[in-house]
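>>> Compute the structure for the input listed below.
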Amino acid sequence: MHWLFLLLALGCFALALKVPQMSLMLLALLGALVFLLMWVRGLYVARFGTLQRDISSVIDPTELRRLRDQAQARRQLEEDSDTP
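Numbering: from 1, shown residues only. Got it, this is the predicted structure:
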């Protein structure tokens, strides 16, 4: 579907080259820019998935605290084993 926006952008560019009036040419170029941006957005969504973050991948505070405690205990253990 997003490839349709690319074709529409190319059509607007072609129209801008053929039109003799300056105002219509600017309108066609603006349309081409809009369609080109919509194509880029569609391509991004097609490649990387949805635009919203997956909330299930966020770590809750208790899990984060547990990971910090584990890292601190590991550092403390390494410091204790290094000193004679």
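>>> going forward, measure contacts between C-alpha atoms and count neighbours the same way
OK.
>>> ranges for the helices of the protein?
Secondary structure of the chain (DSSP state H): helices at 2-18, 22-48, 61-82.
>>> What residues of the last one count as buried?
With burial defined by 16 or more other C-alpha atoms under 10 Å, not one residue of helix 61-82 is counted as buried.
>>> Make a markdown table out of the helices of the chain and add mean pLDDT.
Formatted as a markdown table, these follow (pLDDT from 0 to 100):
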| stretch | mean pLDDT |
| --- | --- |
| helix 2-18 | 94 |
| helix 22-48 | 94 |
| helix 61-82 | 89 |
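>>> Tally up the residues packed near Trp39, please.
Neighbour count for Trp39, taken as other C-alpha atoms under 10 Å: 21.
>>> wait, what's in contact with it?
2-6 (C-alpha atoms under 8 Å, 6 or more residues apart in numbering).
>>> Tell me the buried residues within those.
Those of the contacts of Trp39 that meet the buried threshold are 2, 5-6, by 16+ other C-alpha under 10 Å.
>>> Which single one of those residues is nearest to Gly49?
His2 (13.5 Å; C-alpha to C-alpha).
>>> Surely the closest one and Val45 touch.
No - the criterion here is C-alpha atoms under 8 Å, and His2 misses it with Val45 at 9.4 Å.
>>> Now Ile59: phi and psi?
Dihedral pair for Ile59: phi -80, psi 130, per degrees, to the nearest 10.
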